[in-house]
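Trainee: Take this sequence and fold it.
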Amino acid sequence: MIEGKLLPPKPSILVTTIGISIVGPNNFPECCLPPFLSVSHSHLCNVLLFLKRENLLYSNITILEDNIALYPTHGILDVIMSSIQHLQDTAAVDSE
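Mentor: Residues are numbered from 1 along each chain as shown. Just a heads-up that it's a prediction; the model follows:
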């Protein structure tokens, strides 16, 4: 867990652990990104409450409502969208 027993982390932390590279033109529309990148603050809150209630490893966490409010109602976090790398050279993909 990030920040000890305080969850969820601020969205700005996630950009250090999630990287997205898109091969093709810039300005890739958000609707074409995979749905697993979407987040909902209500789902996030429900999941944390479930884990706290049902999983001993999470029983002592503190749920930070202020941090939950930083997540979108539904969609992809701005910090993730702004960190997407656009690779126009398909040869670069072969090197990864």
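
Trainee: Any idea which residue is closest to the centre of this protein?
Mentor: Leu14 (5.6 Å; C-alpha atoms, centre = their mean).

Trainee: Against Val79, how distant is that residue?
Mentor: 7 Å (C-beta to C-beta, to the nearest Å). Glycine gets a C-beta too; all of them are placed from N, C-alpha and C.

Trainee: Ser21 too?
Mentor: Computed with C-beta to C-beta, the distance linking Ser21 and Val79 is 16 Å.

Trainee: Check Arg53 too.
Mentor: As judged by C-beta to C-beta, Arg53 and Val79 stand 29 Å apart.

Trainee: my guess is Leu77 meets Pro11, correct?
Mentor: Yes: here Leu77 reaches Pro11: they are 4.8 Å apart, a contact under C-beta atoms under 8 Å.

Trainee: Find the least confident helix or strand in this structure, judged by mean pLDDT.
Mentor: Sorting the helices and strands of the chain by mean pLDDT, DSSP states H and E puts helix 91-94 at the bottom, at a mean of 61.
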